[in-house]
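Enquirer: Below are the sequence and a predicted model for it; my questions follow.
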Amino acid sequence: MTDEDQLWYYNVDDGSVTQGKAASSMSRMGPYPDRASAEKALQIAAERNKAADRAEEEWNN
């Protein structure tokens, strides 16, 4: 098993979490270091998007 097979992914099509690249690249988010992080993939993405939006707004002002 490679290091990549140890990582976790969130499948946006069905909400499942898998270890390794089980879903196509268009359907998965990750990699995440552990299952708990992958389960929170949508929350993590939303938080990162908010932070990026704030940084862009600060940059433009």
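Expert: Everything's here; your move.

Enquirer: Quick check, residue 12 in contact with residue 29.
Expert: Yes: under the contact definition of C-beta atoms under 8 Å, residue 12 touches residue 29, with a separation of 6.2 Å. Any C-beta I mention is one placed from the backbone N, CA and C, and that applies to glycine too.

Enquirer: Now stretch 42-61: average pLDDT?
Expert: Stretch 42-61 shows a mean pLDDT of 95.

Enquirer: Can you list the neighbours in contact with that stretch?
Expert: Residues from elsewhere that reach stretch 42-61, judged by C-beta atoms under 8 Å, 6 or more residues apart in numbering: 10, 29, 37.

Enquirer: And the strands in this protein, which stretches?
Expert: Using DSSP state E, the strands found in the chain span residues 8-11, 17-19, 28-32.

Enquirer: tell me the most buried of the ones you listed?
Expert: Looking across the strands of the chain with neighbours counted as mean count of other C-beta atoms under 10 Å, the highest average goes to strand 8-11: a mean of 22.
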